[in-house]
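Student: Got a predicted structure plus its sequence, pasted below:
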Amino acid sequence: MIRQFGPADILFIIEAVRWTLLLSVIAFVGGAVGGLIVALARSSDSIALRRISAVFIRIFQGTPLLMQLFLFYFGLAVLNLPINPLLAAAVALTFHASAYLGEIWRGSIQAVPTGQLEAATALSLSYRDRMQSVILPQAARIGVAPTVGFLVQLIKGTSLTSIIGFTELTRAGQIVNNATFDPFVVFGLVAVIYFLICWPLSLYARRLEARMRRAFTR
Amino acid sequence: MYHFNFTPVFDNFYLLLYGAWLTVRLSFVAMILGLVVSVLGAVARTSRYKILRGLVGAYVEIIRNTPFLIQIFFLFFGLPAVGIALNPNVAALVALVINVGAYGTEITRAGIESVPHGQVEAGRALGLEPVQIFRYVVLKPALRNVYPAMTSQFIYLMLTSSVVSTISANDLASAGADLNAKTFASFEIYLVITAMYLVLSLLFSGLFRLVQHTLFNYPASR
Amino acid sequence: MTMAQSKQLAVEMRGVSKFFGAFQALKAIDLTVETGERIVICGPSGSGKSTLIRTINQLETIQSGTITVDGIELTAGGDNVGKVRREVGMVFQQFNLFPHLTVLQNCMLAPLKTGRANKSSAEATARKYLERVKIPEQADKFPAQLSGGQQQRVAIARALCMEPRIMLFDEPTSALDPEMVKEVLDTMIDLAREGMTMLCVTHEMEFARAVADRVIFMEAGAIIEQGAPEEFFGNPRSERLRNFLGQIA
Amino acid sequence: MTMAQSKQLAVEMRGVSKFFGAFQALKAIDLTVETGERIVICGPSGSGKSTLIRTINQLETIQSGTITVDGIELTAGGDNVGKVRREVGMVFQQFNLFPHLTVLQNCMLAPLKTGRANKSSAEATARKYLERVKIPEQADKFPAQLSGGQQQRVAIARALCMEPRIMLFDEPTSALDPEMVKEVLDTMIDLAREGMTMLCVTHEMEFARAVADRVIFMEAGAIIEQGAPEEFFGNPRSERLRNFLGQIA
Amino acid sequence: TTLKQIEANGVLKVGMLVDFPPFGTMSATGAPEGYDADTAKALAKYLGTKIQIVPVTGPNRIPYLLSGQVDVLVASLGITPARAERVDFSNPYAGIEIMVYGKKDEDVKDGAGLAGKTIGVVRASTQDAGVTKVAPASATIRRFDDDAAAVQALLSGQVPLIGVSNVIAAQINKAAPGRFDEKFSLSSQVQGVAVVPGSDALLAKINAFVADAMKDGTMDKISEQWLGTKVPDFVRTGTAKAALK
Ligand SMILES: Nc1ncnc2c1ncn2[C@@H]1O[C@H](COP(=O)(O)OP(=O)(O)OP(=O)(O)O)[C@@H](O)[C@H]1O
Ligand SMILES: Nc1ncnc2c1ncn2[C@@H]1O[C@H](COP(=O)(O)OP(=O)(O)OP(=O)(O)O)[C@@H](O)[C@H]1O
Ligand SMILES: [Mg+2]
Ligand SMILES: [Mg+2]
């Protein structure tokens, strides 16, 4: 039954990339929405909102993504909610990304000088307008580099969805390896593919970061 | 309807506790060694020698852009081919150190670059050697400046270590998996383990705060 | 004081106290400012000058006392805070222009978002006030491309675009290089001459002499002395004020 | 100039040129400083004053010429740079105290690590010089807990703890608030009176008048004029120096 | 899920391993295949439903079943008393022999011979249970997540011995002829289709299917295709009850 590692296997692994990418996109989009809410709650005036969001962040940054995926998948089923793996992965990754992005963006929001908020307040802008027109555009500039950096982490993190049955890149590698017993070629290929996806993003993040530094030390 | 049954979990709780202790020990040693690697890496990354900078740069990029799972696979199954068969627990430790060292190198480098150049010049003007300047003038303020980034990387390291069970290394996650194999009370077990990881990360956060108070307890210059 | 009278007043503060934690930054301040009056506030660092004027548009909330601005009682709740902020313009030491918006956009933002003007009328107003502060040609630049003096004049124009009835200035020239102080002071003097009600924290005594109706000296959260400029500078009553004037001369 | 003579000299610079890329910051400077001499260097911004004194302890390397400090030729290689740095103390505009060390630790670090003293003698020396700069009671504070003037005095004490034969000062008072300038200048005057060889970049002309043996005026990387203070200030020969003195007065 | 519901849905959701060749694997085109896959397809055909194969892993296959993610497991699940406490088993549809296998020069003949040795197994597998039972305290048992990891550990020299099935052992022998041999047999083990406890109607139907398929040669065909032999007698005549004795 051992078969030679062949073109079909390469194709199988490469095709699995779409799951890696799809899950990353879902997690990022979900995390962006959730992260914005968390960041706003974290930097709001309401003590209750700040506390709740802090606990949320604590939990999701304080436990392994592996465990989160597992609990969401089996847990929702335990609660008699019929769910499919894609939905479970989407929910778990979204929560995970929300916690991290929320924390990154809270930092960005707080890095905007307080004078900006005061000026906007003195101009009698509403909370919504202050955030939308004054604070968030500036925070976005500060936060874009660490956000791209986190995206890399998220892409790598989707490898853990294999535990709930996703045949994404890492899992595809394991499956092919089980049939071919050729771990170096198989995992080497998998590593190279991850690198090709992640490295450009890392470089981009570093460029953005350097640009930010220049903008501030001008 | 699922029937919750925590009895098997708590009957075997000592196994999980032992696993948690292994995770703490593994992460803690990896943090210390990772810090050493980070500092050395950062020095190399800011050194005059282009080759050294390039090598460390490649190390950092490769590690940061591939999943930990793949790295640990290579280390455990790959090294025996060149005659180095690491015991799974050692392999897990080495993999974690290599991994956190890559992130830590970047963080520490940013810290070193955040120390004003005037500090180095003052050291030079006082007749200190470059190594002394690094050790006594630059290092502490550099680490202080990036301490929050470093500690959250350490927490992340502790959470990532849950993956080492794949190479049969022993930790909290593998203790849970073994218990799962015996009792099949999966949901209960993972719930408890997740809570235990949360407690561990809170404990580590507390430890880091304590370290900050004792080690970096000087007022920031304006 | 009857209701009818207080309507004439631009600002009326009664027993205003402000605490930061246990520290009392304002100690039962009483202050009335008439419509059209120009007030200069001075005093040593930390005496509460900024805190005082920031309570007027509620950038700082107060713990006791009442503040009435243009007949609107701030502490009465409702949307009074919002109403007052629309009547009161503020200029900061650090300019606080929005760096991601052009000069024109900085000036148009608040009128547009508060529903005060539509796009074309907001732009017309913005250009009018940029003209008034003498930098109409900078409308499409970003703040970072302007000198400090120009930025501060944009900040003044931005506040004016809300057509406020009262203007607050918090050390508007102290972050400026010496050669730019004059251009900003000139703008402020123009404004004062046109009859704007102004409260201005500044140590520019020439400005005080030129336009102030009244100069107020604060120390340790209290108003120690106040009077018309000639009297204030020529004949300071308290020892502390004499010392202070000696230092800043 | 014979060998025997140059031994008497604290600093001897011959044809020293310094380039930053293509830009020449020092243009074939010749300068001799006798032991015990007090020199003040002034000149417009960018004229090369800092660069000049920084070449003396090799914070800046030079491209041509020779520098001899206390008989040790700097450009000759070997451990000469280290030797010279141990003979030369330096005080910076920005203090550059080590923020993570207490005042005492700041003063003890270099003597301990260069093997000049053991722990107890280093501490004794440190306390002696902290006494000399009049802040013995601050020994256990961190730099950030001190005022600017106090920090600069600690910086002076720190340099003195290496018991240098020559002290370099690069605008030691220009980052200070006005009320703190005097305390630092007083410390420097004391030091000068005790006979320390000093090279001091400063625009404090009173200091120059009080203690300088010679004042040097630089412009565009060259020494344009030099002389004793009375002559230098009273009777400036060049047009440029006259202009410069007019500006800073 | 009850039999009625499955019939009403028209789809049988089957949990299957895809990293356990030749029982469950992925073809080069990404479709599940193997002994289990063919058995599952035959079962679905027998029930008159469509089939949906859900890939599961060794450690999580039982939770999959119990949480309702799948209707049945055809996942090379050996019939053991511990598992029978959580799930109900059909009569066996396949069987394997579990053995300790390792380097030629390792001199091990029985459980006691494992003293002081390191042995790799797949976590939560029958081998795990078997080795754990016979190995003395001084033996080190290393538990891996799947067969590939355990086999890889053997091939790379990380462990000198592993607990495996005869099927995997045959594959290793093909990959590395002459390096390894069988040390001793742990047990023969039969595998059953697993259902949620109490699904009696479903279980009865599955048992009927197994009996039919054994008789009409369906299972023999599957076995010949994937294992190269007919269904052995200990499977053909075995029952779930007997296996749990
Ligand atoms: N957010 C705050 N939290 C705590 N204390 C504050 C805060 N803002 C101001 N203070 C304190 O209140 C006092 C008055 O401050 P304020 O800024 O009004 O002084 P000021 O007269 O404007 O001084 P300056 O001339 O330095 O601007 C000071 O002692 C200051 O330390
Ligand atoms: N590291 C450097 N790289 C490039 N150019 C430099 C560097 N340091 C100094 N310069 C240039 O050399 C010239 C002399 O600089 P220097 O700092 O010695 O001037 P200065 O007389 O001390 O001026 P200031 O009074 O502003 O301190 C300046 O034109 C400066 O721009
Ligand atoms: Mg103020
Ligand atoms: Mg200089």
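Tutor: That came in fine, so what should we check first? Numbering: from 1, shown residues only, chains lettered A, B, ... in the order given. Ligands and ions are numbered 1, 2, ... in the order given.

Student: how deep is C:Q8 tucked in, by neighbour count?
Tutor: For C:Q8, the neighbour count with other CB atoms under 10 Å in any protein chain shown is 12. Bear in mind the C-beta positions are built from the backbone N, C-alpha and C, glycine included.

Student: what pLDDT does it get?
Tutor: Among the per-residue scores, C:Q8 shows a pLDDT of 70.

Student: Report the spatially closest residue to A:G107, excluding sequence-adjacent ones.
Tutor: Spatial nearest neighbour of A:G107, excluding adjacent residues (CB to CB, 6 or more residues apart in numbering or on different chains): A:G143 at 7.4 Å.

Student: Return the residues in contact with that neighbour.
Tutor: A:G143 makes contact with A:104-105, A:107-108 under the criterion CB atoms under 8 Å, 6 or more residues apart in numbering or on different chains.

Student: now do 6 Å
Tutor: Residues in contact with A:G143, defined by CB atoms under 6 Å, 6 or more residues apart in numbering or on different chains, are A:104-105, A:108.

Student: Please work out the average pLDDT along stretch A:5-13.
Tutor: What stretch A:5-13 shows for mean pLDDT is 85.

Student: name the element the spatially most central residue of chain C belongs to?
Tutor: The centroid of chain C falls nearest to C:L168 when counting by CA atoms, centre = their mean (1.1 Å). Per DSSP states H and E: C:L168 is located in strand C:166-170.

Student: can you give me phi and psi for C:S174?
Tutor: The phi and psi torsions at C:S174 (degrees, to the nearest 10) take the values phi -80, psi -10.

Student: about what we covered before: now for the strand holding C:L168, which elements pack on it?
Tutor: strand C:88-91, strand C:197-201 (3 or more CB pairs under 6 Å, 6 or more residues apart in numbering or on different chains; DSSP states H and E).

Student: Could you list the low-pLDDT ranges of chain A?
Tutor: Residue ranges of chain A with pLDDT under 70: A:1-3, A:76-77, A:80-84, A:213-218.

Student: quick one, what contacts residue 89?
Tutor: Went with chain A since none was named. The neighbours of A:A89, taking CB under 6 Å, 6+ apart as the test, are A:23, A:161.

Student: Wait, chain E was what I had in mind.
Tutor: E:79, E:192, E:194, E:240.

Student: Report how many residues lie close to the residue in chain A that chain E sits nearest to.
Tutor: Relative to chain E, the nearest point of chain A is A:A8 (3.3 Å; CB to the nearest CB). For A:A8, the neighbour count with other CB under 10 Å is 14.

Student: Quick check, the residue in chain E closest to ligand 1?
Tutor: Ranked by CB to the nearest ligand atom, the top residue of chain E for proximity to ligand 1 is E:S67, at 53.3 Å.

Student: Tell me if I'm right that that residue and A:F74 touch.
Tutor: Yes - at 5.1 Å, E:S67 counts as touching A:F74 under the criterion of CB atoms under 6 Å.

Student: between the two, what contacts are shared?
Tutor: Counting by CB under 6 Å, 6+ apart, E:S67 and A:F74 have no contacts in common.

Student: okay, now C:E194: neighbour count?
Tutor: A count of nearby residues for C:E194, using other CB under 10 Å, gives 8.

Student: For it, grab phi and psi.
Tutor: Dihedral angles (degrees, to the nearest 10) for C:E194: phi -80, psi 0.

Student: so how far is C:K182 from it?
Tutor: Separation of C:E194 from C:K182 (CB to CB, to the nearest Å) stands at 19 Å.

Student: what do you get for B:F184?
Tutor: Here the distance between B:F184 and C:K182 works out to 83 Å (CB to CB).

Student: These two - which one has more neighbours?
Tutor: Comparing B:F184 with C:K182 by other CB under 10 Å, the one with more neighbours is B:F184, at 23 against 15.

Student: need the contact list for that one.
Tutor: By CB under 6 Å, 6+ apart, the contact set of B:F184 is E:62, E:86.

Student: can you rerun that using 8 Å?
Tutor: B:F184 makes contact with E:62-63, E:66, E:82-83, E:85-86, according to CB under 8 Å, 6+ apart.

Student: Spell out the secondary structure type for E:L12.
Tutor: Three-state assignment for E:L12 (DSSP: H, G, I helix; E, B strand; the rest coil): strand.

Student: Next, work out how far apart it and E:K41 are.
Tutor: Relative to E:K41, E:L12 is positioned 10 Å away (CB to CB).

Student: now the helices for the chain?
Tutor: Since no chain was named, I'll use chain A. A:7-42, A:47-62, A:65-78, A:85-111, A:114-122, A:127-129, A:136-157, A:169-180, A:183-217 (DSSP state H).

Student: Please refer instead to chain E.
Tutor: Going by DSSP H, chain E shows helices at E:3-9, E:35-47, E:61-66, E:81-84, E:126-134, E:147-155, E:166-175, E:200-215, E:218-227, E:233-236, E:240-243.

Student: Give me the contact status of the first one with chain B.
Tutor: No - under the criterion of CB under 8 Å from any CB of the partner chain, chain B is not reached by helix E:3-9; the shortest gap measures 14.9 Å.

Student: what helix or strand is C:I39 on?
Tutor: Taking DSSP H and E as the criterion, C:I39 maps to strand C:38-42.

Student: gap between the helix or strand that that strand is followed by and the chain center?
Tutor: Counting by DSSP H and E, the next helix or strand C-terminal to strand C:38-42 is helix C:49-56. Relative to its chain's centre, helix C:49-56 lies at 9 Å (CA atoms, centre = their mean, to the nearest Å).

Student: Lovely, talk soon.
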